[in-house]
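Enquirer: starting from these lines, generate the structure:
(4 chains)
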Number of protein chains: 2
Amino acid sequence: MPTAKLTARQVEMIAKALAEPRRMDILRQIGACDGSAASCSALQEAQKVTPATLSHHIKELANAGLVDVAREGKFMRLSLNRPVLDAYLKSLSTI
Amino acid sequence: MPTAKLTARQVEMIAKALAEPRRMDILRQIGACDGSAASCSALQEAQKVTPATLSHHIKELANAGLVDVAREGKFMRLSLNRPVLDAYLKSLSTI
DNA sequence: CCATTTGTTCGATACTCATCTAAACGTCGA
DNA sequence: TCGACGTTTAGATGAGTATCGAACAAATGG
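Expert: Numbering: from 1, shown residues only, chains lettered A, B, ... in the order given. Modelled structure (predicted):
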(Lines give C-alpha, C1' and ligand atoms only; values in the text may rest on other atoms or scores of the structure.)
Protein backbone atom coordinates (compact mmCIF):
# COMPACT_ATOMS: atom_id res chain seq x y z
CA MET A 1 0.00 0.00 0.00
CA PRO A 2 2.06 2.95 -1.19
CA THR A 3 -0.69 5.51 -0.63
CA ALA A 4 -3.43 6.05 1.93
CA LYS A 5 -6.94 4.83 1.21
CA LEU A 6 -9.64 7.43 0.84
CA THR A 7 -13.30 7.05 1.61
CA ALA A 8 -15.84 7.91 -1.07
CA ARG A 9 -16.69 10.99 0.93
CA GLN A 10 -13.07 12.11 0.99
CA VAL A 11 -12.72 11.60 -2.74
CA GLU A 12 -15.78 13.73 -3.27
CA MET A 13 -14.50 16.49 -1.00
CA ILE A 14 -11.13 16.50 -2.71
CA ALA A 15 -12.73 16.66 -6.15
CA LYS A 16 -14.87 19.61 -5.07
CA ALA A 17 -11.87 21.32 -3.53
CA LEU A 18 -9.90 21.00 -6.76
CA ALA A 19 -12.81 22.17 -8.90
CA GLU A 20 -12.35 25.76 -7.90
CA PRO A 21 -9.57 27.47 -9.88
CA ARG A 22 -8.69 29.76 -7.01
CA ARG A 23 -8.21 26.80 -4.71
CA MET A 24 -6.01 25.12 -7.31
CA ASP A 25 -3.89 28.27 -7.36
CA ILE A 26 -3.66 28.32 -3.60
CA LEU A 27 -2.80 24.65 -3.48
CA ARG A 28 -0.08 25.07 -6.08
CA GLN A 29 1.35 27.97 -4.16
CA ILE A 30 1.41 25.94 -0.96
CA GLY A 31 2.98 23.05 -2.79
CA ALA A 32 5.62 25.37 -4.24
CA CYS A 33 6.81 26.50 -0.79
CA ASP A 34 7.54 22.94 0.17
CA GLY A 35 9.66 22.39 3.22
CA SER A 36 9.10 25.77 4.81
CA ALA A 37 5.36 26.12 4.65
CA ALA A 38 3.53 29.21 3.52
CA SER A 39 1.78 31.64 5.78
CA CYS A 40 -1.69 32.83 5.13
CA SER A 41 -0.69 36.41 4.51
CA ALA A 42 1.84 35.36 1.90
CA LEU A 43 -0.98 33.70 0.00
CA GLN A 44 -3.17 36.73 0.38
CA GLU A 45 -0.60 38.85 -1.36
CA ALA A 46 -0.67 36.65 -4.44
CA GLN A 47 -4.38 35.92 -4.45
CA LYS A 48 -6.52 38.98 -4.91
CA VAL A 49 -9.09 38.11 -2.32
CA THR A 50 -10.10 39.30 1.09
CA PRO A 51 -8.78 37.51 4.17
CA ALA A 52 -12.26 36.12 4.76
CA THR A 53 -12.40 34.44 1.37
CA LEU A 54 -8.91 33.08 1.73
CA SER A 55 -9.73 31.66 5.15
CA HIS A 56 -12.76 29.97 3.63
CA HIS A 57 -10.74 28.33 0.86
CA ILE A 58 -8.04 27.18 3.23
CA LYS A 59 -10.66 25.58 5.40
CA GLU A 60 -12.03 23.70 2.37
CA LEU A 61 -8.58 22.46 1.43
CA ALA A 62 -7.91 21.42 5.01
CA ASN A 63 -11.27 19.65 5.32
CA ALA A 64 -10.49 17.74 2.16
CA GLY A 65 -7.23 16.73 3.74
CA LEU A 66 -5.16 18.27 0.97
CA VAL A 67 -3.32 20.68 3.23
CA ASP A 68 -2.08 20.35 6.77
CA VAL A 69 -2.53 23.33 9.04
CA ALA A 70 -0.36 24.06 12.01
CA ARG A 71 -0.79 27.07 14.23
CA GLU A 72 2.42 28.78 15.16
CA GLY A 73 1.21 31.36 17.62
CA LYS A 74 -0.26 34.15 15.53
CA PHE A 75 0.57 32.51 12.21
CA MET A 76 -0.45 29.48 10.20
CA ARG A 77 1.90 26.96 8.71
CA LEU A 78 0.33 25.49 5.60
CA SER A 79 1.78 22.47 3.89
CA LEU A 80 0.62 20.24 1.08
CA ASN A 81 -0.38 16.74 2.15
CA ARG A 82 1.08 14.87 -0.79
CA PRO A 83 0.00 11.39 0.30
CA VAL A 84 -3.63 12.47 0.14
CA LEU A 85 -3.17 14.04 -3.26
CA ASP A 86 -1.43 10.91 -4.48
CA ALA A 87 -4.21 8.75 -3.11
CA TYR A 88 -6.72 10.85 -4.98
CA LEU A 89 -4.75 10.52 -8.20
CA LYS A 90 -4.59 6.80 -7.69
CA SER A 91 -8.32 6.68 -7.07
CA LEU A 92 -8.97 8.53 -10.33
CA SER A 93 -6.62 6.30 -12.23
CA THR A 94 -8.80 3.29 -11.46
CA ILE A 95 -11.49 4.61 -13.74
CA MET B 1 5.06 13.48 -24.58
CA PRO B 2 3.04 10.45 -23.61
CA THR B 3 -0.17 12.36 -22.96
CA ALA B 4 -1.99 15.24 -24.58
CA LYS B 5 -1.51 18.75 -23.24
CA LEU B 6 -4.50 20.44 -21.69
CA THR B 7 -5.22 24.14 -21.56
CA ALA B 8 -5.94 25.73 -18.21
CA ARG B 9 -9.53 26.02 -19.27
CA GLN B 10 -9.75 22.31 -20.03
CA VAL B 11 -8.22 21.41 -16.70
CA GLU B 12 -10.80 23.56 -15.00
CA MET B 13 -13.68 21.99 -16.91
CA ILE B 14 -12.45 18.49 -16.14
CA ALA B 15 -12.08 19.30 -12.47
CA LYS B 16 -15.60 20.67 -12.34
CA ALA B 17 -16.94 17.67 -14.22
CA LEU B 18 -15.32 15.30 -11.73
CA ALA B 19 -16.53 17.28 -8.74
CA GLU B 20 -20.07 16.01 -9.11
CA PRO B 21 -20.47 12.54 -7.59
CA ARG B 22 -23.14 11.59 -10.05
CA ARG B 23 -20.85 12.39 -12.96
CA MET B 24 -18.08 10.35 -11.38
CA ASP B 25 -20.49 7.43 -11.20
CA ILE B 26 -21.45 7.90 -14.83
CA LEU B 27 -17.85 8.18 -15.89
CA ARG B 28 -16.89 5.03 -14.02
CA GLN B 29 -19.76 3.19 -15.61
CA ILE B 30 -18.68 4.32 -19.05
CA GLY B 31 -15.13 3.35 -18.29
CA ALA B 32 -16.26 -0.07 -17.12
CA CYS B 33 -17.91 -0.88 -20.46
CA ASP B 34 -14.64 -0.33 -22.23
CA GLY B 35 -14.38 -1.57 -25.75
CA SER B 36 -18.11 -1.80 -26.46
CA ALA B 37 -19.30 1.58 -25.33
CA ALA B 38 -22.33 2.16 -23.15
CA SER B 39 -25.65 3.46 -24.37
CA CYS B 40 -27.41 6.27 -22.66
CA SER B 41 -30.36 4.16 -21.57
CA ALA B 42 -28.09 1.62 -19.93
CA LEU B 43 -26.75 4.42 -17.78
CA GLN B 44 -30.20 5.67 -17.00
CA GLU B 45 -31.10 2.31 -15.55
CA ALA B 46 -28.25 2.46 -13.05
CA GLN B 47 -28.47 6.16 -12.28
CA LYS B 48 -31.74 7.17 -10.73
CA VAL B 49 -32.23 10.28 -12.73
CA THR B 50 -34.50 11.50 -15.49
CA PRO B 51 -33.31 11.40 -19.08
CA ALA B 52 -33.07 15.19 -19.01
CA THR B 53 -30.62 15.18 -16.12
CA LEU B 54 -28.59 12.39 -17.62
CA SER B 55 -28.36 14.20 -20.93
CA HIS B 56 -27.12 17.27 -19.10
CA HIS B 57 -24.38 15.36 -17.30
CA ILE B 58 -23.24 13.58 -20.43
CA LYS B 59 -22.95 16.92 -22.16
CA GLU B 60 -20.75 18.20 -19.34
CA LEU B 61 -18.51 15.16 -19.52
CA ALA B 62 -18.29 15.49 -23.29
CA ASN B 63 -17.53 19.21 -23.10
CA ALA B 64 -14.73 18.47 -20.67
CA GLY B 65 -13.40 15.99 -23.20
CA LEU B 66 -13.62 13.09 -20.78
CA VAL B 67 -16.01 11.07 -22.91
CA ASP B 68 -16.33 10.65 -26.64
CA VAL B 69 -19.80 10.60 -28.09
CA ALA B 70 -20.74 8.86 -31.32
CA ARG B 71 -24.24 8.67 -32.68
CA GLU B 72 -25.25 5.27 -33.97
CA GLY B 73 -28.67 5.87 -35.43
CA LYS B 74 -31.06 6.03 -32.53
CA PHE B 75 -28.37 5.27 -29.95
CA MET B 76 -25.32 6.92 -28.45
CA ARG B 77 -21.97 5.29 -28.15
CA LEU B 78 -20.22 6.66 -25.10
CA SER B 79 -16.60 5.89 -24.44
CA LEU B 80 -14.07 7.12 -21.94
CA ASN B 81 -11.33 9.28 -23.39
CA ARG B 82 -8.45 7.90 -21.36
CA PRO B 83 -5.75 10.15 -22.82
CA VAL B 84 -7.61 13.19 -21.56
CA LEU B 85 -8.07 11.67 -18.13
CA ASP B 86 -4.42 10.73 -18.02
CA ALA B 87 -3.42 14.21 -19.06
CA TYR B 88 -5.50 15.60 -16.23
CA LEU B 89 -3.88 13.23 -13.75
CA LYS B 90 -0.50 14.28 -15.00
CA SER B 91 -1.44 17.93 -14.66
CA LEU B 92 -2.47 17.35 -11.05
CA SER B 93 0.69 15.44 -10.29
CA THR B 94 2.76 18.54 -11.03
CA ILE B 95 1.49 20.19 -7.89
C1' DC C 1 -48.52 6.11 -41.43
C1' DC C 2 -48.58 5.53 -36.54
C1' DA C 3 -46.61 4.10 -32.10
C1' DT C 4 -42.51 3.28 -29.52
C1' DT C 5 -37.96 4.01 -28.28
C1' DT C 6 -33.90 7.42 -27.52
C1' DG C 7 -32.33 11.29 -26.54
C1' DT C 8 -32.58 16.66 -26.47
C1' DT C 9 -34.20 21.27 -25.26
C1' DC C 10 -36.75 24.62 -22.43
C1' DG C 11 -38.29 26.84 -18.42
C1' DA C 12 -38.69 26.69 -13.59
C1' DT C 13 -37.19 25.63 -9.01
C1' DA C 14 -34.03 24.92 -5.47
C1' DC C 15 -29.67 24.42 -3.66
C1' DT C 16 -24.66 25.13 -3.40
C1' DC C 17 -21.16 28.12 -2.77
C1' DA C 18 -17.65 32.07 -3.85
C1' DT C 19 -17.32 36.48 -2.39
C1' DC C 20 -17.77 40.55 0.25
C1' DT C 21 -18.37 43.66 4.56
C1' DA C 22 -18.31 44.08 9.25
C1' DA C 23 -17.43 42.43 13.47
C1' DA C 24 -15.09 39.40 16.63
C1' DC C 25 -11.26 36.61 18.27
C1' DG C 26 -6.46 35.37 19.69
C1' DT C 27 -1.66 36.46 20.02
C1' DC C 28 2.08 39.33 20.70
C1' DG C 29 4.91 43.50 21.70
C1' DA C 30 5.04 47.90 24.13
C1' DT D 1 -3.47 46.66 29.62
C1' DC D 2 -3.66 48.50 25.13
C1' DG D 3 -3.22 48.35 20.35
C1' DA D 4 -1.70 46.25 16.14
C1' DC D 5 -1.66 42.33 13.39
C1' DG D 6 -3.26 37.76 11.61
C1' DT D 7 -7.12 35.02 11.19
C1' DT D 8 -11.99 33.60 11.85
C1' DT D 9 -16.95 33.98 11.96
C1' DA D 10 -21.55 35.70 10.73
C1' DG D 11 -24.66 37.30 7.52
C1' DA D 12 -25.90 38.85 2.89
C1' DT D 13 -25.69 38.75 -1.97
C1' DG D 14 -25.22 36.87 -6.42
C1' DA D 15 -23.69 33.45 -9.78
C1' DG D 16 -23.73 28.86 -11.18
C1' DT D 17 -25.92 24.60 -11.71
C1' DA D 18 -28.42 20.00 -10.55
C1' DT D 19 -32.80 18.54 -11.07
C1' DC D 20 -37.34 17.93 -12.79
C1' DG D 21 -41.57 17.89 -15.96
C1' DA D 22 -43.10 18.60 -20.35
C1' DA D 23 -42.70 19.29 -25.03
C1' DC D 24 -39.99 18.11 -28.95
C1' DA D 25 -37.02 15.57 -32.56
C1' DA D 26 -35.38 11.62 -34.83
C1' DA D 27 -34.96 6.85 -35.85
C1' DT D 28 -37.07 2.23 -35.84
C1' DG D 29 -40.66 -1.29 -36.22
C1' DG D 30 -45.23 -2.74 -37.17
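
Enquirer: look at the nearest residue to residue A:46 once chain neighbours are set aside and say how many residues are nearby.
Expert: Of all residues not flanking residue A:46 in the chain, residue A:29 sits nearest, at 6.1 Å (CB to CB, 6 or more residues apart in numbering or on different chains). C-beta here means a position set from N, CA and C on the backbone, and glycine is covered the same way. Number of residues near residue A:29 (other CB atoms under 10 Å in any protein chain shown) recorded here: 17.

Enquirer: what is the mean pLDDT for the helix or strand that contains residue A:56?
Expert: Per DSSP states H and E, residue A:56 falls inside helix A:51-63. Averaged over helix A:51-63, pLDDT sits at 96.

Enquirer: quick one: it near chain B?
Expert: No - Helix A:51-63 does not reach chain B (CB under 8 Å from any CB of the partner chain); its nearest approach is 11.5 Å.

Enquirer: tell me how far that helix lies from the chain's centre.
Expert: Here helix A:51-63 is found 9 Å from its chain centre; the criterion is CA atoms, centre = their mean, to the nearest Å.

Enquirer: again, but for stretch A:75-94
Expert: On CA atoms, centre = their mean, the centre of stretch A:75-94 falls 8 Å from the chain's centre.

Enquirer: what average pLDDT does it get?
Expert: Average pLDDT, stretch A:75-94: 95.
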